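Asker: Sharing a model that was predicted from the sequence below.
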Amino acid sequence: MTGQVLLTMRGISKYFPGVRALENVDFTLRAGEVHALMGENGAGKSTLIKVLTGVYPKDGGEILMDGKSISPSSPLEAQKCNISTVYQEVNLCPNLTVAENIFIGREPRKAGRIDWKTINRRAAELLKQLNLEIDVTKTLDNYSVAVQQMIAIARAVDVDAKVLILDEPTSSLDENETSRLFDVVRGLKKQGLGVVFVSHFLDQIYELCDRVTVLRNGELVGAYEIEKLPRVELISKMIGKELGDIQSMGKNDAAERGEVLIEAKGLTAFGRIKDFDLTVHKGEVIGFAGLLGSGRTETAELLFGVAKPEKGTLKLGGSEIRFATPLDAMHHKIAFCPEDRKVQGIIGDLTVRENIIIGLQAKNGMWSHIPMKEQERIAEEYIKLLQIKVSSPEQLIKNLSGGNQQKAIIARWLVTEPNLLILDEPTRGIDIGTKTEIQKMVIRLAREKQMAIIFISSEIDEMTRTCTRLAVLRDRKKVTELSGDEIYPDRVMAAIAGGV
Amino acid sequence: MKNMKNRIVGSRYFSFGITALLFLVLYVIGMMSYKGFLKPQVFCNLFIDNAALIIATIGITFVLLIGGIDISIGSVVALTCMTTAQLLANTQLGAGIVTIIALAIGLLFGLVQGWLIAQFDMQPFIVTLAGQFFARGLTAIISRETIDITNPTYTAVASARIYLAPKAFISVGVVIAVIALIVATLVLKYTRFGRNIYALGGSESSAQLMGLPTKKTKIATYMVSGFCSALAGVVYSLIMLSGYPLHAVGMEMDAIASSVIGGTLMSGGVAFLPGTLFGVLIQGIIQTFITFQGTLSAWWTRIIIALLLCAFIVMQTVIVRSRHRINSSEK
């Protein structure tokens, strides 16, 4: 694996208005290695890739390919520098044939016209090298995403790539398809290509990759040989906490469990979660711990009817139930507070009162009128309960701080008086003071209102403080459950890493 | 059996087959209902009457293929007719030169529209709407009255009859239309430009990431449409032998309808030019029916075309959906 250095990125910096996306990042890729690029959300992985492929211009640093300085300003130029990328959403044309997708833009011609025979023959040969025998004269939309990805790789390799970037290639593949893809990647590695592999799946990283570069908050943490890096250490490098670093500061002392509220057995939905079991009692705060992409949000959405499970059962209050839509789940007193409050949550140009009432309105139906007096009373009540800092309930919500917006959204769901409240990253991007307030509020809601709460967060110390029980997810499976004294940071981190 | 059905519906030529079949069925019904339909000249007349529309349909099909739209076609047709008539009437220029100037105007029109759309990422609907107003306005500025074309060369070409059989002849316009159709079909199938058009319509961002010249292709596509409009204008002027500000009003809509009936997807990426020819011919045959019937208003053509359009769009949606179903079940 100690091939010669193929690609060097040195001191790369990239700034967006008000954001430092990359600061002085180094990256080295050797010929014949598969190099993982890892980091949590906002670490700068995709920015680094986009700088490398010419989508973003870099603000500092240099890129050396085979010792020569390059600065591609478009994907096409990057391609000419022998750098090819296969994106998560396959970037091919669904209406063209498989063969054409591989050759378009550089079609072999005969007597001035496109030589379809040669194209089809060569495409079939190329795909055969990747162990793919399909009808190349059919249009691309006839094939599954996995096959499309192979075709994209075939195209990338055939344009004389020396560096192949695979951006989360496995996120929509099943196990068989993934292992097929891996075989292909190993074959390319033998041919001396350098492969950059971006993925959230720990197992896959350890199965396929030789080295790993870890980024955090736009900075380089380091590059490591994967064999010499235990999983726990990799995790701690990604989330930026050393083992034993986090002090348990206060805890939600496990209150007695109330009666069973909701029970999931063997819930499975492709691309989301596999065989998920969970029993939720009243008055509990259950955390979903795991890395980004481990299936936290996806599982929560399953409980809320955003997606339907393919297998498994969901019992609510003892009787089996299937939610057709989120509204259906709302009628069964389940509430879901999504991760990205800007995109999925607030309606900026409405007032705080209106933003709070919307949840109730949706539940009651479009046509049931809620008198203004009643609306004002509800808004006042929850603004007080959650200590939302507003000048008046009629203030536009977009003028509130992030933390207060988040509280307003939580209020929106609370007015529907749910039995189960799902909070997905409720404290992201909020200052520490408000964070603590939200954590306290969660604990209080569980204790006083006997509400069951599912709490999803990337911050382990926050989880250990707030939750009475933790479901640990890895690679879209629940790997273990922790409760009581088991909930302390080191233990949680070890569980997330698994297979230590 | 089911497999067979899947293969037929899944085929790229399915909607072409449906359109061609519909045309044949209509023709057979016509031959059984009216004796006049048996004359070969009736068939030739379908082409003679619609030669200009066939050419306009080629142009709009190119644009629809990249997911765009061009509603300036009818106005450009009028502008070229008017320019031709004006130049022939008031200058010493010969018919050949005048025709070349007319075609150049169309190309220029397409170039400007395409450049605006590609360079500034403007909505093609708005840009070509502006083009529509501009060309129509310019036509009326040149002359608000009809200008007749009396140039002897031009009238000779216009009245020329090319006999295919003793009792069946076509016009020069038909020859131009058929040549244009063949050339355009080959361009789409066998040149990089043609394939880039399909790629652009399939997914613009993919096309860009695959390193295709998306901007140039876009501009060139609108130039094709502009050129076709002008060529349609020339053919139209051979029939009308005049320039008039209200010539060919709404022709772009007939062209769009023909293209869609012929299997073009409005969302881009899918079209087969010979299919769009049948789209035009179906419109023509319905008109012929109404002529033969004698008492019905010619506006019934519109109503029937409207129903056909709805039927075809529903059919396309169903095809696309069933294809998805077939694929996911094969996965």
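Answerer: Ah, there it is.
Asker: so where's the stretch 301-450 of chain A shaky on pLDDT?
Answerer: For the stretch 301-450 of chain A, the stretches with pLDDT under 70 are A:340-344, A:429-433.
Asker: In it, what residue comes closest to chain B?
Answerer: residue A:310 (13.3 Å; C-beta to the nearest C-beta). To be clear about C-beta, it is placed using only N, CA and C from the backbone, and glycine gets the same treatment.
Asker: List phi and psi for that residue.
Answerer: Dihedral pair for residue A:310: phi -90, psi -30, per degrees, to the nearest 10.
Asker: which residues touch it?
Answerer: Counting by C-beta atoms under 8 Å, 6 or more residues apart in numbering or on different chains, residue A:310 makes contact with A:268-270.
Asker: neighbour-wise, which of the residues you listed leads?
Answerer: Comparing the contacts of residue A:310 by number of neighbours (other C-beta atoms under 10 Å in any protein chain shown), residue A:269 comes first, having 20 neighbours.
Asker: for the nearest residue to it once chain neighbours are set aside, what are its contacts?
Answerer: Leaving aside its chain neighbours, residue A:269 sits nearest to residue A:309 (5.0 Å; criterion: C-beta to C-beta, 6 or more residues apart in numbering or on different chains). The contact partners of residue A:309, by C-beta under 8 Å, 6+ apart, come to A:267-269, A:302.
Asker: go again using 10 Å as the cut-off
Answerer: By C-beta atoms under 10 Å, 6 or more residues apart in numbering or on different chains, residue A:309 lies in contact with A:264, A:266-270, A:272-273, A:276, A:299, A:302-303, A:322-323.
Asker: before we move on, what about residue B:256?
Answerer: B:56-57, B:60-61, B:63-64, B:69-71, B:73, B:264, B:266, B:279, B:309.
Asker: Which of the three states applies to residue A:57?
Answerer: Taken by DSSP: H, G, I helix; E, B strand; the rest coil, the conformation at residue A:57 corresponds to coil.
Asker: Dihedrals phi and psi, it?
Answerer: Backbone phi and psi, for residue A:57 under degrees, to the nearest 10, turn out to be phi -80, psi 140.
Asker: So it sits against residue A:47, correct?
Answerer: No - if you go by C-beta atoms under 10 Å, residue A:57 and residue A:47 don't touch, sitting 11.7 Å apart.
Asker: Which of these two has more residues huddled nearby?
Answerer: Just comparing residue A:57 and residue A:47: by other C-beta under 10 Å the higher neighbour count belongs to residue A:47, 22 against 11.
Asker: which SS class is that one?
Answerer: helix.
Asker: which residues in chain B form helices?
Answerer: B:2-10, B:14-33, B:40-65, B:73-90, B:95-120, B:124-142, B:152-159, B:172-190, B:192-202, B:204-209, B:214-240, B:251-261, B:273-293, B:300-330 (DSSP state H).
Asker: Sketch out the low-pLDDT regions of chain A for me.
Answerer: A:1-2, A:18, A:41-42, A:172, A:241-257, A:340-344, A:429-433, A:499-500.
Asker: most distant residue from the middle of it?
Answerer: In chain A, counting by C-alpha atoms, centre = their mean, residue A:111 sits farthest out from the average C-alpha position, at 49.9 Å.
Asker: Show the contacting residues for that one.
Answerer: Residues counted as contacts of residue A:111 (C-beta under 10 Å, 6+ apart) are residue B:190.
Asker: go on, the one 3 residues further on?
Answerer: For residue A:114, the contacting residues are A:100, A:103-104, A:107-108, B:189-192, B:194-195, taking C-beta under 10 Å, 6+ apart as the criterion.
Asker: Apply 8 Å and report the result again.
Answerer: Contacts of residue A:114 (C-beta under 8 Å, 6+ apart): A:107-108, B:189-192, B:195.
Asker: Any of those buried? List them.
Answerer: A:107, B:190-192, B:195 (16 or more other C-beta atoms under 10 Å in any protein chain shown).
Asker: Near the closest residue to residue A:276 other than its chain neighbours, how many other residues are there?
Answerer: Excluding its sequence neighbours, the residue lying closest to residue A:276 (C-beta to C-beta, 6+ apart) is residue A:267, at 4.1 Å. By the criterion of other C-beta under 10 Å, residue A:267 has 22 neighbours.
Asker: Kindly confirm my reading that residue A:267 is in a strand.
Answerer: Yes - judged by three-state DSSP, residue A:267 forms part of a strand.
Asker: Check chain B for the residue nearest chain A and tell me.
Answerer: As assessed by C-beta to the nearest C-beta, chain A sits closest to residue B:202 within chain B, at 3.2 Å.
Asker: returning to what we had before: identify the contacts common to residue A:57 and residue A:47.
Answerer: Common neighbours of residue A:57 and residue A:47 are not found (criterion: C-beta under 8 Å, 6+ apart).
Asker: got the residues of chain A near chain B?
Answerer: A:75-76, A:79, A:85, A:87, A:91-96, A:100, A:104-105, A:107, A:113-114, A:139, A:141-144, A:155 (C-beta under 8 Å from any C-beta of the partner chain).
Asker: in stretch A:47-60, what's buried?
Answerer: A:47-56, A:58.
Asker: Now do that stretch: distance to the chain's middle.
Answerer: Here stretch A:47-60 is found 21 Å from its chain centre; the criterion is C-alpha atoms, centre = their mean, to the nearest Å.
Asker: ends of that stretch, how far apart?
Answerer: End-to-end span of stretch A:47-60 (C-alpha to C-alpha, to the nearest Å): 13 Å.
Asker: where does chain B have low pLDDT?
Answerer: Across chain B, residues meeting the criterion (pLDDT under 70) sit at B:1-11, B:323-331.
Asker: Let me see the contact set for residue 19.
Answerer: You didn't pick a chain, so chain A it is. By C-beta under 8 Å, 6+ apart, no residues touch residue A:19.
Asker: Not quite, go with chain B.
Answerer: B:261-263, B:275, B:278-279, B:282, B:312.
Asker: Then residue A:124?
Answerer: A:99, A:133, A:136.
Asker: do that again at 6 Å, thanks
Answerer: By C-beta atoms under 6 Å, 6 or more residues apart in numbering or on different chains, the contact set of residue A:124 is residue A:136.
Asker: Tell me the buried residues in the helix or strand where it lies?
Answerer: Following DSSP states H and E, one finds residue A:124 within helix A:116-129. Neighbour-count burial for helix A:116-129, with 16+ other C-beta under 10 Å as criterion, is recorded at A:116, A:119-120, A:122-124, A:126-127.
Asker: what do you get for stretch A:382-391?
Answerer: A:382-383, A:386, A:388, A:390.
Asker: starting at the chain centroid, how far to it?
Answerer: How far stretch A:382-391 lies from its chain's middle: 31 Å, per C-alpha atoms, centre = their mean.
Asker: and what of stretch A:70-87?
Answerer: Centroid displacement of stretch A:70-87 relative to its chain, using C-alpha atoms, centre = their mean, is 26 Å.
Asker: Kindly check the end-to-end length of it for me.
Answerer: Terminal residues of stretch A:70-87 are spaced 22 Å apart (C-alpha to C-alpha).
Asker: Perfect, that will be all.
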